[in-house]
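Engineer: Got a predicted structure plus its sequence, pasted below:
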Amino acid sequence: MSYGIEFVPGNISVKQVVNYCKLAEQKDIDFAWITNHYNNRHCYPTLAAIAQATDSIKMGPGIMNTFTDTPAAIASFMCTLNEISEGRAVLGIGPGDLSTLPKLAIEASKPVARLAEGVKQIKALCAGEEVKKTGDMEFFDYDGAKLTGVQLPAKKKQIPTYIGAQGPKMLALAGEIGDGALINASNSKDFDIAIPLIKAACDAVDEKKFKKFDVGAYTAMSIDQNEKKARNAAKIVAAFIAAGSPPALLERHGLDLNNVAKIKEALGRFDFGAVGGLVGDAEIDAFTIAGTPEMVKEKCENLTASGVTQIIFGSPLGPDMTNSIRLLGKYII
């Protein structure tokens, strides 16, 4: 089992993110994943700052996409980050945030095919290949592209690629082309469904592939010695996840669809007071890991038993981020 941690450089500064990553490294957390949202501080310079301030923690965007960034730009950045960090770079990449892309006047068409092509070109460029036009690609049929002014990763130490996946097609793609997956879920029920899809895709490529595949649970975490404080801190995150979930997922977790509709309506009018009153234990337990260290440890053990190999401690972490990182290091890792 390995452990990761997510930071959103939105409400916290780059300097704060770097300091939290240094603390996470001291607590033996293995990966730092930095979110990529156009309206926040950019993950590229943030990751470069983390690389220079740390010694052992691996780091990468969590996650990029091939709508807002081209495969060539991503490849160039990842090789640069790998050089700065002396071989600790990891790439998190996915289909793109379908709630954000329309705001940027981007039509998110054929996300699975686009991602598959993008990852293929990124891997080729990072391996030092000259990517020549083939006529077989719909989105990124590069014509003589090659990275010439960057330090490339060693041949046997290529940058691991983690695919951000939730739906069946993306989970299958992760198993086909990825070294790991970043799955936005906190409940073992979701992994009982996701992992067999990944394994089947891995087996179709190579029967030995799944043994090395890193299944990442990108959780919504909130830990505190005070159970009430921990669970209250997770309410808004649970609300947003519930509001954006399809009915089948809500039914899987036995949630009241009428109550979720009320949560969604309250979020739409930014009435967070009402949201707090509507979100109960059912929503919190379905979509977050929230509570005391003992409660969190039990939930993490459930994820491990389901086949998860990397637990990522995601936002909000808890009512006090520094204290949460210390508790995670002391009781969970």
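Structural biologist: That came through fine.

Engineer: Pretty sure Gly178 is one of the things Val205 touches, is it not?
Structural biologist: No: at 10.4 Å, Val205 does not count as touching Gly178 under the criterion of C-beta atoms under 8 Å. Every residue, glycine included, has its C-beta placed from N, CA and C.

Engineer: Settle it for me: which of the two has more neighbours?
Structural biologist: Applying other C-beta atoms under 10 Å to Val205 and Gly178 shows that Gly178 carries more neighbours, namely 27 against 12.

Engineer: Stretch 72-85: how far from the chain's middle?
Structural biologist: Distance of stretch 72-85 from the chain centroid (C-alpha atoms, centre = their mean, to the nearest Å) equals 18 Å.

Engineer: can you pull the buried residues of that stretch?
Structural biologist: Neighbour-count burial for stretch 72-85 flags 72, 74-82, 84-85 (criterion: 16 or more other C-beta atoms under 10 Å).

Engineer: again with stretch 51-63
Structural biologist: 51, 54, 57-63.

Engineer: For that stretch, measure first residue to last.
Structural biologist: This stretch, stretch 51-63, spans 17 Å end to end (C-alpha to C-alpha, to the nearest Å).

Engineer: and it, what's its mean pLDDT?
Structural biologist: Mean pLDDT, computed over stretch 51-63, is 98.

Engineer: ok, Thr309 touching Lys211?
Structural biologist: No: applying C-beta under 8 Å as the test, Thr309 and Lys211 come out as separate, 10.3 Å apart.

Engineer: Could you identify the longest strand within the protein?
Structural biologist: strand 214-223 (DSSP state E).

Engineer: just how off-centre is that one within its chain?
Structural biologist: Worked out by C-alpha atoms, centre = their mean, strand 214-223 lies 8 Å from the chain centre.

Engineer: Show the subsequent helix or strand relative to it.
Structural biologist: Downstream of strand 214-223, the first helix or strand assigned by DSSP states H and E is helix 227-233.

Engineer: Can you show me the CA trace of that following helix as PDB?
Structural biologist: Taking Å, rounded to 0.1, in the frame of the first residue of the first chain, the C-alpha atoms of helix 227-233 are listed here in PDB:
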ATOM      1  CA  GLU A 227     -15.700  13.300  15.200                       C
ATOM      2  CA  LYS A 228     -18.300  16.000  14.800                       C
ATOM      3  CA  LYS A 229     -15.700  18.500  13.500                       C
ATOM      4  CA  ALA A 230     -14.400  16.000  11.100                       C
ATOM      5  CA  ARG A 231     -17.800  15.100   9.600                       C
ATOM      6  CA  ASN A 232     -19.000  18.700   9.500                       C
ATOM      7  CA  ALA A 233     -15.900  19.600   7.500                       C
END
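
Engineer: one step back: quick one: which of Thr309 and Lys211 has more around it?
Structural biologist: Neighbours of Thr309 and Lys211, each counted by other C-beta under 10 Å, are more numerous for Thr309; the result is 17 against 9.

Engineer: hey, where'd the strands end up in the protein?
Structural biologist: Counting by DSSP E, the strands of the chain are 2-7, 31-34, 58-61, 64-65, 91-94, 161-164, 180-183, 214-223, 289-291, 310-317.

Engineer: For those, please prepare JSON lines with the additional fields distance to Pro45.
Structural biologist: Shown next, in JSON lines, are the strands of the chain (distance: least, C-beta to C-beta, whole Å):
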{"stretch": "strand 2-7", "distance to Pro45": "14"}
{"stretch": "strand 31-34", "distance to Pro45": "10"}
{"stretch": "strand 58-61", "distance to Pro45": "12"}
{"stretch": "strand 64-65", "distance to Pro45": "14"}
{"stretch": "strand 91-94", "distance to Pro45": "17"}
{"stretch": "strand 161-164", "distance to Pro45": "21"}
{"stretch": "strand 180-183", "distance to Pro45": "22"}
{"stretch": "strand 214-223", "distance to Pro45": "23"}
{"stretch": "strand 289-291", "distance to Pro45": "30"}
{"stretch": "strand 310-317", "distance to Pro45": "20"}
